[in-house]
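Peer 1: One predicted model, sequence on top.
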Amino acid sequence: MMAQAAKKLCPELKVVQVPVAHGKADIGIYREAGAQVISVLSNGVICERASVDEAYLDVTATAQQMLATAAAARHDNSMRQEHGQQQQQGQQGQLQQEEDETGQMERRSVAADGRADDEGGVSCGVVVPLPESVEGWHVAGMDPGADGVSAWWQQAGKTQDDQLLAAGAVIVARLRAAVKQQLGFTCSAGIAHSKILAKLGAGLNKPAQQTLVPAAAVADLLNPLPIGKLRALGGKFGEELSTSLGISTVGELAAVPLNRLEAAVGEETAAWLARLAQGIDDLEVKPRTLPKSISCGKTFRGNTAITGLSAVHKWLQELGKELQERIEADRKDHQRLPGLLTVSIDTLQGGSGAAAGTGAAAAAMVAAAVGQNAAAAVAANGGRHTAQTWRAGAVNVSRSCNLRRPVAEVMAEDALKLVKKWARDRADGWKIIGMFLSASNFVAAPTGASTLERFMAAAGPQQEQQEHLNPTGAGASDRQVMGGSDAAASGIAIGSGSFSSSPVSGSKRPAAAAIGGSKKRAYGDLRAFLAPSTAAAAAAAATAALGDVIVEVPKFELQST
């Protein structure tokens with residue numbers, strides 16, 4: 001809802017004005033805050049920044065070290081207790097003690113390292129001690145809050161994956177505390193065995209809370225979800241899949257026989273969908289703390305929508321100014337420059353019966369189509385307006401070219417040429433409701449380096465491989481503010497991914513966590529608890545078979561406290 005409309009309904013409403021620059025909202029403060037959070041979260045773990053306020057962390061090594069330390073501590077305590085008992089026993093009971101020694105050691109080993117029998121079960125609860133305070137903690141499938149966490153922690157039959165998830169939960173709590181202490185932001189988190197589950201877990205309890213998603217709770221979490229809630233199924237493909245198969249929820253998708261899926265979408269995609277419906281996401285967390293692209297944009301709602309090229313040029317100039325400022329700041333901080341310029345627009349196009357051109361008649365026709373699309377979206381949503389209702393029927397179009405010079409005027413002119421070429425093919429009229437300008441494909445460019453030096457560096461064998469944006473594909477959105485998507489494979493992670501194969505039977509399973517937050521401060525030096533002790537190193541072999549752990553950090557809650 002627009003602020004003006006809200007004020008009419010509630011005259012006493014206090015509307016907060018965000019900073020404005022270049023004729024649009026300026027989220028520079030928010031962007032800088034997100035970078036600060038990433039700096040804290042990436043201290044000692046693998047961090048993949050997914051957006052301005054979202055990231056994925058792989059904390060596998062830390063979780064394994066934590067389990068090894070806990071195993072060593074339990075083993076030492078058991079040995080001390082046994083030694084004390086032996087000293088108290090007389091010669092008369094010594095023989096019986098020796099006969100029972102083997103069985104005692106076996107029980108001690110299981111309790112110490114969380115190891116399982118051949119089926120993966122253990123005879124104790126979580127190896128890692130439960131912190132004294134678990135305020136804001138939850139375990140999916142259990143009673144909410146501390147009672148449910150404590151009950152799950154003490155349950156017998158913990159698998160290796162459960163042990164990793166528990167260690168990941170402790171690590172995530174420390175990370176959240178560090179962000180709060182140091183920066184003044186809180187984070188919400190999800191801990192699970194894949195990015196997609198971690199992402200879903202992070203959204204279950206907000207703000208400033210975390211949710212662990214054990215394997216036993218996956219089906220109950222996924223089955224009732226609309227298909228569009230899953231990664232890569234929220235758009236046209238998900239709609240077509242639902243229509244062709246006659247399904248609407250993830251549980252219904254999981255129940256579709258594989259041969260039917262293969263007939264509908266092909267063998268490879270069918271296998272991917274079958275895994276996705278079970279919460280299996282094989283993407284790994286890729287180290288990246290810098291944005292993959294720099295983007296700025298502007299939305300045009302209602303009667304502010306753009307229907308002429310002169311207005312397009314005006315706003316491209318404004319966006320170019322902001323993009324130039326951010327490229328210059330990025331080069332100063334990170335010694336790099338982009339090589340690809342992309343203009344991306346959200347457009348509402350007219351029907352085939354419309355008159356040619358972008359004049360008043362075409363604009364009126366498009367406006368009518370906009371109203372029809374929005375009304376249909378409201379009706380489909382039970383008569384309720386949402387933040388996205390006004391975008392009903394929108395199509396995203398992206399076009400790219402080489403970024404000749406990171407100067408506002410040059411970037412605006414080049415982007416305008418791309419839009420003009422697109423507009424020439426739209427004889428039925430068009431209406432732009434969103435426009436974005438982004439720079440990507442970075443190469444090293446130390447401050448003061450000449451053009452020739454940058455060219456030689458880019459051509460060298462050590463040049464970082466960049467993903468090339470599709471220069472012609474309509475409907476593909478290239479306006480990533482930060483690289484990555486929501487997502488994990490082995491470890492604790494945040495959701496997003498590709499159609500990779502699922503782990504084979506008996507392979508390591510990941511633990512995943514998602515973190516998001518609101519403004520407060522926390523996180524100390526993580527390296528302090530990452531360094532393994534001598535006891536932990538000695539017990540490392542006992543936990544070597546455990547799976548990976550990845551932590552996802554989506555949606556930092558950056559509102560002021």
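Peer 2: Everything's here; your move.
Peer 1: Where do the strands of the stretch 251-400 of the chain begin and end?
Peer 2: According to DSSP state E, counting those that start in this stretch, the stretch 251-400 of the chain carries its strands in the segments 294-299, 336-349, 395-402.
Peer 1: Among those, which comes closest to Leu323?
Peer 2: Comparing the strands of the stretch 251-400 of the chain by their distance to Leu323 (C-beta to C-beta), the top pick is strand 294-299, with 5.5 Å. In this view, the C-beta of every residue, glycine as well, is placed from N, C-alpha and C.
Peer 1: Give me the angle between that closest one and strand 336-349.
Peer 2: Interaxial angle of strand 294-299 relative to strand 336-349 (axes from the mean of the first three to the mean of the last three C-alpha atoms, to 10 degrees): 20 degrees.
Peer 1: Quickly run through the sheet partners of strand 294-299, with directions.
Peer 2: Using DSSP bridges, the strands paired with strand 294-299 are strand 430-444 (antiparallel).
Peer 1: tell me the mean pLDDT over the partner strand?
Peer 2: For strand 430-444, mean pLDDT rounds to 95.
Peer 1: nearest spatial neighbour of Gly234, skipping sequence neighbours?
Peer 2: Sequence neighbours aside, Gly228 is the residue nearest to Gly234 in space, at 4.5 Å (criterion: C-beta to C-beta, 6 or more residues apart in numbering).
Peer 1: Quick check: phi and psi at that neighbour.
Peer 2: Backbone geometry at Gly228, expressed as degrees, to the nearest 10, gives phi -60, psi -10.
Peer 1: Tell me which residues are up against the helix or strand where Thr243 lies.
Peer 2: Thr243 is located in helix 236-245, with elements delineated by DSSP states H and E. Residues outside helix 236-245 that contact it (C-beta atoms under 8 Å, 6 or more residues apart in numbering) are 227-228, 230, 232-233, 247-248, 252-253, 256, 260-261, 264-265, 273, 475.
Peer 1: Count the neighbours of Ser42 for me.
Peer 2: Close neighbours of Ser42, defined as other C-beta atoms under 10 Å, add up to 19.
Peer 1: Let me see the mean pLDDT of stretch 67-84.
Peer 2: The model assigns stretch 67-84 a mean pLDDT of 78.
Peer 1: The strands of the stretch 251-400 of the chain into a markdown table, with extra columns for mean neighbour count, mean pLDDT and distance to Val149?
Peer 2: Converted to a markdown table, those look like this (neighbours: other C-beta atoms under 10 Å; pLDDT from 0 to 100; distance: least, C-beta to C-beta, whole Å):
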| stretch | mean neighbour count | mean pLDDT | distance to Val149 |
| --- | --- | --- | --- |
| strand 294-299 | 21 | 95 | 39 |
| strand 336-349 | 22 | 92 | 43 |
| strand 395-402 | 18 | 94 | 42 |
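Peer 1: what's the closest of these to Arg74?
Peer 2: In terms of C-beta to C-beta, the element of those nearest to Arg74 is strand 336-349, at 48.1 Å.
Peer 1: So what are the sheet partners of that closest one and their directions?
Peer 2: By DSSP bridges, strand 336-349 pairs with strand 395-402 (antiparallel), strand 430-444 (antiparallel).
Peer 1: export the ones you listed to JSON lines and tack on distance to Gly168?
Peer 2: Formatted as JSON lines, those follow (distance: least, C-beta to C-beta, whole Å):
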{"stretch": "strand 395-402", "distance to Gly168": "36"}
{"stretch": "strand 430-444", "distance to Gly168": "32"}
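Peer 1: Tell me which of those strands sits nearest to Gly136.
Peer 2: With C-beta to C-beta as the yardstick, what comes closest out of these is strand 430-444 (35.8 Å).
Peer 1: then the closest one to CSV, C-alphas only?
Peer 2: These are the backbone C-alpha positions of strand 430-444, laid out as CSV (Å, rounded to 0.1, in the frame of the first residue of the first chain):
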residue,chain,number,x,y,z
TRP,A,430,4.8,-1.1,-23.2
LYS,A,431,4.8,0.3,-19.7
ILE,A,432,7.8,0.1,-17.4
ILE,A,433,7.1,-0.3,-13.7
GLY,A,434,10.6,-1.0,-12.6
MET,A,435,14.1,-0.3,-14.0
PHE,A,436,17.5,-1.5,-12.7
LEU,A,437,21.1,-0.8,-13.7
SER,A,438,23.8,-3.2,-12.6
ALA,A,439,27.5,-3.7,-13.1
SER,A,440,29.2,-7.1,-12.9
ASN,A,441,32.0,-9.3,-14.2
PHE,A,442,34.6,-7.8,-11.9
VAL,A,443,38.4,-7.9,-12.6
ALA,A,444,41.2,-6.8,-10.4
